[in-house]
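[1] Okay, predicted coordinates and the sequence, questions at the end:
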Amino acid sequence: MPAVGIVVGLGAALLAALVASLIAYQAGRARERDRSPSVAALFDGVADPDAVDGEHRMLAMLGESVIITDVHGNVIVSNTAAAEHGLVFDGRLTDDGVRGLIASAVEGQEPVHADIELDGGPQARHIAVTAQPISACRVAVVCADTGYRRNVDRMRRDFVTNVSHELKTPVGAIMLLSETIADAGDDVEMIRHFAGRIGMEAQRLDGLVRRLIELGRMSNPGERPKQTVDARDLVHGAIADTEVTAAARHTDVRMHDGAVDRPLAVCVDATAVHIALKNLVENAINYSHERSDVTVDVTQADGHVRIRVIDHGIGIPQPLQRRIFERFYRVDPARSRLTGGTGLGLSIANHHIRANGGTIDVWSKPGEGSTFTVALPLAGTAGIMDKEHER
C-alpha cells in the first residue's frame, strides 16, 4: 500500500504540472493574440502599437524633414522638422516641386533626387530632396536644408580669393622693388629707399602669414590650456607689443587702471587673449590720426573685467559696424593698404574673446573715434589661491 500511495501521489503531481503548463500556454497564446499586428505601420503593412509608436519617435528625432505619402502625394505622416521647414501644413504638402518628385519616383519605381528652392520668408531657401518608393502604395520623402552648406562653400571661395589677393599684393611689390634695385646701379640712396620698401612689404607679408596661422589655431581650441592671470598683465603685454607701431605713427598709448588695489584675475587662454588685445590696440593706432592718443581703460564691474580700447580716429559708420568682425572686411581699404592691414585682426580678436567666455562690443562715430569694449568674467578666488600655491 505505501508503494501504491507513492504512485498515486506522483500521478497527482504530474497532472497538476500538466494543467499548469496548459494554463501557461493558453495565457501566452492570448498575449500573442493581443500583440499581433493590428495598426497600420508607417512604412508598410501592419504592426503592433508599440512598434508604430517607436517609428513615430524615430522620425521625431531626425533633424531632416521626413514625409511618408501615398502614391498620389497625400501625406500619411510627417515629422516635426517637415512642419518647421514649411514643407507640410495642415497635413498637406506645400511645394509643387516635391509633389513632382513623388510622381517621378512612383512612375520610375526608383529614387529621385533634386535641389529645390523654397519660396517664403525673407529669403529663398534651398533643400536637397530625395523621393523613394518604399512599397507598392507608399513613398518616403527626405529633405535636407542645404543653405548652411551653400554658405560654407561661399565663405570658402571668398576666403581663398581674399587670401590669394592679400598674398599677391606684397609678393608682387617685392618682385617689382627687387627689379628696381637691380636697375639702380650704384645709386646708394635709391637702393636704400627701395630696400626699406621691400622690408615694409615683407613685414606686411609676415603679418598676414602669422594671422593665417592664428586662424588655423582657432579651429583647435583645446590646443592651448587656460590659466589664471591678472588682466592688467595682458593689457601691459598688448601695449608693449605695439610700441613699434605706435612709435612709427607718433601715437601715445596709455593704460588707465580704474580698479586700483582690486584683483583682476581671469582664467583664460592667455596667449589668445593677448593676441586679441594686441589686435585691438594695433587697430586703434592704425585708424587714428598721427600724433594722437589711444587709451586702454581697465575696470571691474558686475563680476567682469572690462577693458576699453579708446581712440579718437576716423571712426566707423553705423551701417558698417556689424560687418567689422568679418574676415578680410576693412572699413577703409586704402588706409589698410598703407598700414599693412589684412582685415583679419578684429575677426581673430572677436573669436578669441568669445572663446574665453567674454564679449566684445563697439561704439563708434565717424570723425570722433571708436571704443572697443571687452568683458571677461573674473576668476574665482580658489583659482587665484591655487596659482599662488604653485609658486
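    Here it is on my side, so go on. Nothing here was measured: the structure is a model prediction, and the numbers come from that model.

[2] Report the contact partners of residue 71.
    Shown in contact with residue 71 (C-beta atoms under 8 Å, 6 or more residues apart in numbering): 102, 106, 133, 137-139. In this view, the C-beta of every residue, glycine as well, is placed from N, C-alpha and C.

[3] now do 10 Å
    Residue 71 sits next to 102-103, 105-107, 133, 135-139 when contact means C-beta atoms under 10 Å, 6 or more residues apart in numbering.

[4] could those residues go into a markdown table alongside distance to residue 290, neighbour count and secondary structure?
    Below are the contacts of residue 71 laid out as a markdown table (distance: C-beta to C-beta, whole Å; neighbours: other C-beta atoms under 10 Å; DSSP: H, G, I helix; E, B strand; the rest coil):
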| residue | distance to residue 290 | neighbour count | secondary structure |
| --- | --- | --- | --- |
| 102 | 68 | 25 | helix |
| 103 | 70 | 16 | helix |
| 105 | 69 | 23 | helix |
| 106 | 74 | 21 | helix |
| 107 | 74 | 11 | helix |
| 133 | 73 | 19 | strand |
| 135 | 77 | 14 | coil |
| 136 | 80 | 9 | coil |
| 137 | 79 | 13 | coil |
| 138 | 74 | 20 | strand |
| 139 | 70 | 23 | strand |
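
[5] Can you report how many residues lie near the nearest residue to residue 313 once chain neighbours are set aside?
    Among residues not flanking residue 313 along the chain, residue 288 sits closest, at 3.6 Å (C-beta to C-beta, 6 or more residues apart in numbering). As a burial measure, residue 288 scores 21 neighbours (other C-beta atoms under 10 Å).

[6] State whether residue 288 is indeed within a strand.
    No: for residue 288, which was evaluated using DSSP: H, G, I helix; E, B strand; the rest coil, the result is coil, with no strand membership.

[7] on that earlier part again, and the contacts of residue 71, which is closest to residue 316?
    Closest approach to residue 316 among the contacts of residue 71 (C-beta to C-beta): residue 102, at 51.3 Å.

[8] Report the separation between the closest one and residue 80.
    Using C-beta to C-beta, to the nearest Å, residue 102 is found at 20 Å from residue 80.

[9] if I pick residue 297, what's in contact with it?
    235, 254-259, 306-310, 371, 373.

[10] Quick one, which of the residues you listed are buried?
    Buried by 16 or more other C-beta atoms under 10 Å: 235, 255, 259, 306-310, 371, 373, out of the contacts of residue 297.

[11] These in strands, which ones?
    Of the positions in the buried ones among the contacts of residue 297, 255, 306-310, 371, 373 sit in strands, assigned by DSSP state E.

[12] what's the closest of those to residue 85?
    residue 373 (38.1 Å).
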